[in-house]
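Enquirer: no sequence for this one, just the structure:
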């Protein structure tokens, strides 16, 4: 994990890194408690590790809760080149969207493929963070909707280092639903009640599939680009409650 | 509104009152801010104004947020005699429950009738509280599941003094769904995902019916007798956010 730049603002240290060919960002408190939880921040489809909403939530987790937060670019996102096979599916999603046709079959294939490639990348990031001096990471959380849920659910099913997760905005696709049934950590699921691109019954079925005994669905009016700030704060408190035992 | 006894513990003043033939309890901070919001606390079917869960939530709203909280016994509950027509429906619900048969038709009829009688009682309580010296009540919130939702939804539809409400654990019955469509204040709806007596699609349909632009569904595992404490705290923060502009 090669750290290549660092800035500090508002009590948050922001460090860019490269791990193999995966670029990432780590946000940390200026004075971090030993063993403070690390929250893996997934980005949505077409976005990146520096999407403004993601950065704001990461800074809130660090400044408000003393956590570390980390983001990476998924393949074909941010600084990473897009393979031709991804490009073809992205083009099909765009064409279907413009034609008012169903995007779901292409979202399904693209997201499953991206999840297969990104899960081991997140695992390598966790391996590396466990060896960073001063971090001593032991508990990891995960948060992210849409593409980040497609990646995060199989990750949480595969890796016991993830102790709590916030998902949302995704579908009852067989491969992700099967992975959800193997997730038993506390989870929250954010459902955008009126999203024209996210089928409501499909989202409810995915929430239902999680094997977790401690799970909460939070549904809000509007689409997934307009999750209310109060719900993000609720999710932050949930991560704090599970990962540090504070606030509940 | 005749106040007839008062006790103080843990910074909360608890006052019993009688308004006509309706007995109630008012919980207030020892030093209340002028115009502090008043939360109307509904009780579930078969319970009363002194149900332990209700009292704990009321005390939390007063001690944690500086609100007033007030509860009354619905007809046939707590200190109030049960009319024969209610008794017949209660007996039918009990018999259906023991036989494993459907309770819903009897719950529908009993709750609609109780709502018709209790809405004007709550309105009389609000009238009275607006004249209590030192209270100067201007903003009211409402919270309560099951029977309290059956009563609270028509109340919120009928009375603009209610500015925010937390409902839950109820059905898509025509009369309550129609009232929900006329509710436009911010609301939250708590849905118990695995409640054998609360049909999930019916609860989702009732949430969907609310006319509010600002509405959130919170679903939790288990039944309505086991709402997680963290969800109750989320609801308290929601009431504070809407009624005082604090916290988001």
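Expert: Sure thing, it's come through. Keep in mind it's a predicted model, so treat the numbers as computed, not measured.
Enquirer: what sits up against the helix or strand encompassing residue A:94?
Expert: Element membership for residue A:94 (DSSP states H and E) is helix A:84-99. Outside of helix A:84-99, the residues within contact range by C-beta atoms under 8 Å, 6 or more residues apart in numbering or on different chains are A:46, A:75-76, A:82, A:102-103, A:106-107, A:109-110, A:113-114, A:197. To be clear about C-beta, it is placed using only N, CA and C from the backbone, and glycine gets the same treatment.
Enquirer: list the buried ones in that helix?
Expert: Neighbour-count burial for helix A:84-99, with 16 or more other C-beta atoms under 10 Å in any protein chain shown as criterion, is recorded at A:86, A:89, A:90, A:92, A:93, A:96.
Enquirer: Leaving out sequence neighbours, find the closest residue to the second one.
Expert: Closest residue to residue A:89 in three dimensions, ignoring its sequence neighbours and counting by C-beta to C-beta, 6 or more residues apart in numbering or on different chains: residue A:110, at 4.1 Å.
Enquirer: Can I get the buried residues of helix A:84-99 in JSON lines including pLDDT and distance to residue B:225?
Expert: Below are these laid out as JSON lines (pLDDT from 0 to 100; distance: C-beta to C-beta, whole Å):
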{"residue": "A:86", "pLDDT": "96", "distance to residue B:225": "49"}
{"residue": "A:89", "pLDDT": "96", "distance to residue B:225": "47"}
{"residue": "A:90", "pLDDT": "95", "distance to residue B:225": "48"}
{"residue": "A:92", "pLDDT": "95", "distance to residue B:225": "49"}
{"residue": "A:93", "pLDDT": "94", "distance to residue B:225": "45"}
{"residue": "A:96", "pLDDT": "94", "distance to residue B:225": "46"}
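Enquirer: buried set for the lengthiest helix in chain A?
Expert: In chain A, taking DSSP state H as the definition, the longest helix is helix A:104-129. Neighbour counts over helix A:104-129 (16+ other C-beta under 10 Å) mark A:104, A:106-111, A:113-115, A:118-119, A:121-122, A:125-126, A:128-129 as buried.
Enquirer: now do stretch A:11-30
Expert: For stretch A:11-30, by 16+ other C-beta under 10 Å, it's A:12-17, A:19, A:22-29.
Enquirer: how about the residues of chain A that lie near chain B?
Expert: Proximity of chain A to chain B, by C-beta under 8 Å from any C-beta of the partner chain, involves residues A:191, A:193, A:204, A:207-208, A:212-221, A:228-231, A:233-234, A:237-238, A:241, A:247-248.
Enquirer: Kindly give a single ChimeraX line that selects the buried subset of these.
Expert: With 16+ other C-beta under 10 Å as the burial test, the buried ones among those are selected in ChimeraX as follows:
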select /A:191,193,204,207,208,212,214,215,216,217,218,219,220,221,228,230,231,233,234,237,238,241
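Enquirer: now, which of the residues of chain A next to chain B lie within strands?
Expert: A:191, A:215, A:216, A:217, A:218, A:219, A:220 (DSSP state E).
Enquirer: follow-up on the earlier one: quick one: which of the buried residues of stretch A:11-30 is nearest to chain B?
Expert: residue A:12 (20.8 Å; C-beta to the nearest C-beta).
Enquirer: I'd say the closest one and residue A:31 touch.
Expert: No: applying C-beta atoms under 8 Å, one finds residue A:12 not in contact with residue A:31, separated by 11.3 Å.
Enquirer: just the helices in chain A please.
Expert: Under DSSP H, chain A gives helices at A:52-65, A:84-99, A:104-129, A:147-158, A:174-181, A:200-209, A:229-244.
Enquirer: name the helices or strands packed onto the first one?
Expert: To tie it back to what came earlier, the one meant is helix A:52-65. Judged by 3 or more C-beta pairs under 8 Å, 6 or more residues apart in numbering or on different chains; DSSP states H and E, the packing partners of helix A:52-65 are strand A:12-19, strand A:22-29, strand A:38-41, strand A:68-72, helix A:229-244.
Enquirer: can I get these in CSV with distance to residue B:42 and mean pLDDT?
Expert: CSV is the format used below for those (distance: least, C-beta to C-beta, whole Å; pLDDT from 0 to 100):
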stretch, distance to residue B:42, mean pLDDT
strand A:12-19, 43, 97
strand A:22-29, 43, 98
strand A:38-41, 38, 98
strand A:68-72, 40, 98
helix A:229-244, 23, 93
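Enquirer: Dump these into TSV; add distance to residue A:166 as well.
Expert: Listed next are the helices and strands packed on helix A:52-65 as TSV, based on distance: least, C-beta to C-beta, whole Å:
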stretch	distance to residue A:166
strand A:12-19	20
strand A:22-29	17
strand A:38-41	9
strand A:68-72	13
helix A:229-244	5
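Enquirer: This completes my enquiry, with thanks.
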